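> kindly generate the corresponding structure for this input.
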Amino acid sequence: MAKIDLDSLNIEELAALRDAATEKLAQKVMARQAELEAELESLSQYGKLAKKALVAPPAGKPKKGDDAARKIDEAKDAVAKNTVAKDAVAKDAVAKAA
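Numbering: from 1, shown residues only. Model prediction:
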């Protein structure tokens, strides 16, 4: 991975970099989640009999598309909150340096 000199970038370039990193992270989280869900689905066949005996059936299952959209929104919110926290720390550092 190429190193980026963040000090040489202007605000627009830094914002674009942040947006690209946020989008890439969301893509990777979604891909990994899909892998884990597929693995869980394949493993669930081994526990269905025991699970049915212990757990009552759910009242209603949400639509798969709604669940995926919610998970994407949660991932983006988590990244955005982290970015806001980092921006606040950076602003504090700049204020202290001034």
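
> list the contacts of Met1.
Counting by C-beta atoms under 8 Å, 6 or more residues apart in numbering, Met1 touches no other residue. In this view, the C-beta of every residue, glycine as well, is placed from N, C-alpha and C.

> what about it, distance to Glu12?
Taking C-beta to C-beta, to the nearest Å as the measure, Met1 falls 22 Å from Glu12.

> any weak-confidence spans in this protein?
48-66, 84-98 (pLDDT under 70).

> roughly how far apart are Asn10 and Glu35?
Counting by C-beta to C-beta, the gap from Asn10 to Glu35 is 38 Å.

> would you state the helices of this structure in chain order?
Per DSSP state H, the chain carries helices over the ranges 11-44, 48-54, 64-97.

> buried residues of the first one, list them for me.
Under the neighbour-count criterion of 16 or more other C-beta atoms under 10 Å, helix 11-44 has 22, 26, 29 buried.

> would you list the phi and psi of Asp5?
Taking degrees, to the nearest 10, you get phi -80, psi 100 for the backbone angles of Asp5.
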